[in-house]
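Visitor: Fold the following, please.
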Amino acid sequence: MRRVFSKGQLTRADAFDIMGSGDDMALPDVMLYDLDGTLVDSNELIVSSFAKTYRDFFPDRSFSKQDLIDMMGPPLLETFERFETDPNRLEAMIQSYLAHYREDEQKMIAIYPGILDALAYFHDHGVKQYVVTTKFHRSADPSLRHFGLLRYFDGVIALEDVKKPKPDPEGIYLALSKQPWKRAFMVGDNPTDIEAGKNAGIQTIGVAYSYKLSQLQAASPDHWIEDGHDLIRLIERMCA
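Guide: Model prediction:
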């Protein structure tokens with residue numbers, strides 16, 4: 001009989017213990033995740049990189065921290081086009097942002113609690129896993145490598161892999177097309193993650209540690225988790 005854990009009961013040791021049991025469960029075929037704010041905590045780094053970029057290009061303009069938080073999620077070009085139309089300056093802004101981000105990346109990012117355990121759990125049970133991000137590969141891969149996450153994923157769907165980023169479901173469709181599937185979940189911290197999942201016709205999971213929690217709540221995810229172990233609990237409960 002598969003062990004089902006209630007909220008607050010699952011420890012790190014339990015997470016690895018249940019990996020070796022429960023082959024009778026019909027786990028999802030595919031798990032999809034956003035990267036920043038979902039798997040890795042890069043929120044303060046993103047806010048800082050936005051602030052430094054705007055100081056570089058708009059020194060006389062003021063942005064509050066909430067202004068910068070509200071900009072998180074969409075591709076950089078889409079965000080910067082709100083303030084600039086010149087293609088050369090837009091490209092310079094993107095490069096400035098990326099330079100600031102890379103400069104502080106390794107000292108400012110962290111992986112969220114339980115995420116490694118959850119990724120290992122699904123990986124070891126044959127569930128296909130993908131990152132679907134609005135970052136370019138060159139921006140997403142360093143964080144994935146730094147935390148040793150790439151070995152758990154069957155692919156990374158980045159900005160250059162699609163014509164239409166989230167909330168369009170193209171990235172999700174691309175990941176799902178790589179194997180037969182019947183059941184899949186999209187996990188994210190941003191309303192666009194949830195909208196993309198819903199647009200793709202799959203179930204969605206919001207993370208309660210989102211920097212944009214009120215907007216995420218308005219997007220109405222099908223399920224909520226508080227950390228990676230909570231994700232194991234949720235899938236355990238749904239598949240029991």
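Visitor: for this protein, which helix is longest?
Guide: In the chain, taking DSSP state H as the definition, the longest helix is helix 87-108.
Visitor: Go through that one and flag the buried ones.
Guide: For helix 87-108, the neighbour count (16 or more other Cβ atoms under 10 Å) marks 90, 92-94, 96-98, 100-101, 105, 108 as buried. For every residue, glycine as well, the C-beta is placed using N, CA and C.
Visitor: cool, stretch 196-214 as well?
Guide: So, applying 16+ other Cβ under 10 Å, buried residues of stretch 196-214: 196-200, 202-207, 209-212.
Visitor: In strands, which of those residues fall?
Guide: 203-207 (DSSP state E).
Visitor: Could you pull up the residues touching the residue sitting nearest the centre point of the chain?
Guide: With distances taken as Cα atoms, centre = their mean, D34 lies nearest the centre of the chain, 1.9 Å away. Counting by Cβ atoms under 8 Å, 6 or more residues apart in numbering, D34 touches 131-133, 166, 187-190, 193.
Visitor: Please report how far it lies from P221.
Guide: Counting by Cβ to Cβ, to the nearest Å, the gap from D34 to P221 is 12 Å.
Visitor: what sits against the closest residue to I46 other than its chain neighbours?
Guide: Computed as Cβ to Cβ, 6 or more residues apart in numbering, the closest residue to I46 that is not its neighbour in sequence is M72, at 5.6 Å. Residues in contact with M72 (Cβ under 8 Å, 6+ apart) are 36-37, 43, 46-47, 190, 211-212.
Visitor: can you put these in JSON lines and add pLDDT?
Guide: Listed next are those as JSON lines, based on pLDDT from 0 to 100:
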{"residue": "D36", "pLDDT": "93"}
{"residue": "G37", "pLDDT": "94"}
{"residue": "N43", "pLDDT": "85"}
{"residue": "I46", "pLDDT": "90"}
{"residue": "V47", "pLDDT": "92"}
{"residue": "N190", "pLDDT": "95"}
{"residue": "Y211", "pLDDT": "90"}
{"residue": "K212", "pLDDT": "91"}
